[in-house]
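Novice: Everything below, folded, please.
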Amino acid sequence: MAGLVSTEGGGALLVLSIVVPVAAALLGFVAGGRRAEWIALAALPVGLAIAVAIAAGVPADGGLIHLLGGWTPPLGVALRADGASALMLVLAAGVVSAVGVYARADFSTAAGAEEERAPFGFWILLLGVWTGLNTVFLAGDLFTLYVALEILTFAAVPLVCLNGRGETLQAALRYLLFALLGSVLYLAGTVLLYGAYGTLDVLLLSGRVTARPVALVAGALMTVGLLAKTALVPLHLWLPPAHAGAPPAGSALLSALVVKGSFFILVRLWFDVMPGLQTVVATQMLSALGAGAILLGSVLALRQERLKLLIAYSTLAQIGYLFLMFGLAYDSGSASMHKGDALAGGLIQAMSHATAKAAMFMAAGSIYVVYGHDRIADLAGAG
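Specialist: As a prediction, this is how the structure comes out:
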């Protein structure tokens with residue numbers, strides 16, 4: 001993130017990108033059921049405009065920074081936006097807006113109708129997921145990233161079981177256990193890094209972390225924890241039942257965006273925080289797990305009898321493609337990972353998967369509404 005610049009207008013936009021969904025969620029919670037929907041729908045174009053403005057204001061050779069309270073790291077907390085995070089902000093805002101419009105068919109409360117738990121919960125959780133994602137993309141230190149991960153987790157898990165059925169509750173509980181395990185491992189690694197280097201700021205750590213035993217252990221713990229949240233094989237057992245059991249709008253959010261949050265932190269961790277730990281063994285291991293996910297996810301997807309399960313298992317394969325980036329970015333000559341074509345390709349793949357998978361889950365939901373099921377064998381002529 002060399003070349004970061006701090007501007008009053010740009011800094012205000014970074015703060016607003018987090019404040020808008022938070023304020024909308026709190027206001028919707030207080031206002032109640034049917035008003036929560038309209039508050040969320042009103043916040044969507046505002047947040048999208050802010051994300052686009054941030055992306056337009058990021059310098060080509062640097063980024064934007066805002067110091068919260070005016071305190072500089074390591075004493076203070078900074079929000080930072082470079083090209084990658086700006087693009088992810090726009091992606092998240094765009095997908096959340098599309099899902100919000102689509103979700104009105106399932107989670108809208110008609111005038112005069114009795115308010116229900118599921119519609120009220122969905123709009124608040126939608127805004128919670130958006131808040132967590134924006135914080136992930138802008139956080140400048142590892143502890144703020146941990147807080148963002150927890151916001152994302154506790155907003156995403158209830159989306160799985162909004163209908164209250166036993167199987168979806170079981171899927172949500174499995175998701176929660178994997179997510180909490182990932183959080184514990186990530187936090188343990190964060191504590192080790194703080195004890196060794198006295199700071200959690202991403203830029204400050206990038207120039208200090210070396211291949212010491214404590215850093216290696218911390219890097220391994222944080223990586224495994226984030227892999228569990230991203231559902232990379234073999235830590236994927238929670239994802240298919242969770243994504244297939246959620247309502248279509250919830251599945252679109254989970255598959256398109258939620259797993260991208262932990263993946264984005266992994267990218268930050270390996271490219272920005274721990275350049276001193278980059279080795280051919282570590283990067284090839286991540287890519288090998290990705291290759292295994294491509295094969296396993298594709299085979300399992302082809303064996304599914306339900307459309308939503310097919311799409312959910314294909315997500316495992318698509319996550320695998322993202323992790324090929326780590327091996328491709330490693331240059332044996334310089335013994336380091338380069339922010340070049342491999343990183344750009346990985347981020348483009350993440351963005352294309354997010355839009356395509358959100359569209360697929362919403363299409364599957366529409367098919368389910370028309371036919372009353374999503375059994376692939378009985379969908380002949382659906383076109």
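Novice: Now do the helix or strand where residue 16 lies: everything it contacts.
Specialist: The secondary structure element spanning residue 16 is helix 8-31 (assigned by DSSP states H and E). Helix 8-31 is contacted by residues 35-37, 39-40, 42-43, 46-47, 50-51, 53-54, 57, 64-68, 79-81, 89, 123-124, 127-128, 130-131, 134-135, 138 when judged by C-beta atoms under 8 Å, 6 or more residues apart in numbering. C-beta coordinates here come from the backbone N, C-alpha and C atoms, glycine included.
Novice: Please point out which parts of the helix or strand just after it sit buried.
Specialist: The first helix or strand that comes after helix 8-31 along the chain, using DSSP H and E, is helix 33-57. Residues of helix 33-57 classed as buried by neighbour count (16 or more other C-beta atoms under 10 Å): 33-37, 39-41, 43-44, 47-48, 50-51, 53-55, 57.
Novice: pLDDT (mean, whole number) over helix 33-57?
Specialist: Taken as a whole, helix 33-57 carries a mean pLDDT of 89.
Novice: now for it, which elements pack on it?
Specialist: Helices and strands touching helix 33-57, by 3 or more C-beta pairs under 8 Å, 6 or more residues apart in numbering; DSSP states H and E, are helix 8-31, helix 83-107, helix 117-138.
Novice: ok, the spatially closest residue to residue 293 that is not a sequence neighbour - contacts?
Specialist: Leaving aside its sequence neighbours, residue 293 sits nearest to residue 320 (C-beta to C-beta, 6 or more residues apart in numbering; 3.0 Å). For residue 320, the contact set (C-beta under 8 Å, 6+ apart) comprises 232-233, 289-295, 297.
Novice: Go again with 7 Å.
Specialist: 233, 290-291, 293-294, 297 (C-beta atoms under 7 Å, 6 or more residues apart in numbering).
Novice: Let me know the closest of these to residue 222.
Specialist: Out of the contacts of residue 320, the one with the shortest distance to residue 222 is residue 290. That distance is 17.9 Å, counting by C-beta to C-beta.
Novice: Under a three-state scheme, what state does that closest one occupy?
Specialist: Using DSSP: H, G, I helix; E, B strand; the rest coil, the structure places residue 290 in helix.
Novice: Report how many residues lie close to residue 229.
Specialist: A count of neighbours around residue 229, defined by other C-beta atoms under 10 Å, yields 29.
Novice: and it, what element?
Specialist: Element membership for residue 229 (DSSP H and E) is helix 213-230.
Novice: and that helix, which residues are buried?
Specialist: Within helix 213-230, judged by 16+ other C-beta under 10 Å, the buried ones are 215-216, 218-219, 221-230.
Novice: list the helices and strands it packs on?
Specialist: The criterion is 3 or more C-beta pairs under 7 Å, 6 or more residues apart in numbering; DSSP states H and E, and the helices and strands that helix 213-230 contacts are helix 166-197, helix 259-268.
Novice: which one of the ones you listed lies closest to residue 309?
Specialist: With C-beta to C-beta as the measure, helix 166-197 is the member of the helices and strands packed on helix 213-230 nearest residue 309 (11.6 Å).
Novice: hey, C-alpha coordinates of the following helix or strand past the closest one in PDB?
Specialist: Taking DSSP H and E as the definition, the helix or strand that follows helix 166-197 towards the C-terminus is helix 202-206. Coordinates of each C-alpha in helix 202-206 appear next as PDB, following Å, rounded to 0.1, in the frame of the first residue of the first chain:
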ATOM      1  CA  VAL A 202      -0.600  -4.100   8.400                       C
ATOM      2  CA  LEU A 203       1.900  -1.700   7.000                       C
ATOM      3  CA  LEU A 204       4.100  -1.700  10.100                       C
ATOM      4  CA  LEU A 205       4.100  -5.500  10.300                       C
ATOM      5  CA  SER A 206       5.000  -5.900   6.700                       C
END
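Novice: As JSON lines, the contacts of residue 320 with neighbour count and pLDDT would be great.
Specialist: Compiled in JSON lines, those are given as follows (neighbours: other C-beta atoms under 10 Å; pLDDT from 0 to 100):
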{"residue": "233", "neighbour count": "22", "pLDDT": "89"}
{"residue": "290", "neighbour count": "21", "pLDDT": "93"}
{"residue": "291", "neighbour count": "17", "pLDDT": "94"}
{"residue": "293", "neighbour count": "27", "pLDDT": "94"}
{"residue": "294", "neighbour count": "19", "pLDDT": "94"}
{"residue": "297", "neighbour count": "25", "pLDDT": "91"}
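Novice: and which of these is nearest to residue 350?
Specialist: For the contacts of residue 320, the closest approach to residue 350 (C-beta to C-beta) belongs to residue 290, at 12.7 Å.
Novice: quick one on the thing from earlier: residues of the helix holding residue 16 that come out buried?
Specialist: 10-11, 13-14, 16-18, 20-22, 24-25, 27-28.
Novice: same deal with stretch 124-133?
Specialist: 124-133.
Novice: Next, format the helices and strands packed on helix 33-57 as JSON lines and append distance to residue 351.
Specialist: Output for the helices and strands packed on helix 33-57, formatted as JSON lines (distance: least, C-beta to C-beta, whole Å):
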{"stretch": "helix 8-31", "distance to residue 351": "18"}
{"stretch": "helix 83-107", "distance to residue 351": "5"}
{"stretch": "helix 117-138", "distance to residue 351": "12"}
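Novice: wait, which of the buried residues of stretch 124-133 is closest to residue 303?
Specialist: Sorting these by distance to residue 303 puts residue 129 at the head of the list, at 30.0 Å, by C-beta to C-beta.
Novice: so what's the closest one closest to, chain neighbours aside?
Specialist: Across the structure, with C-beta to C-beta, 6+ apart as the measure, the residue nearest residue 129 apart from its sequence neighbours is residue 155 (4.6 Å).
Novice: I am finished for the moment; much appreciated.
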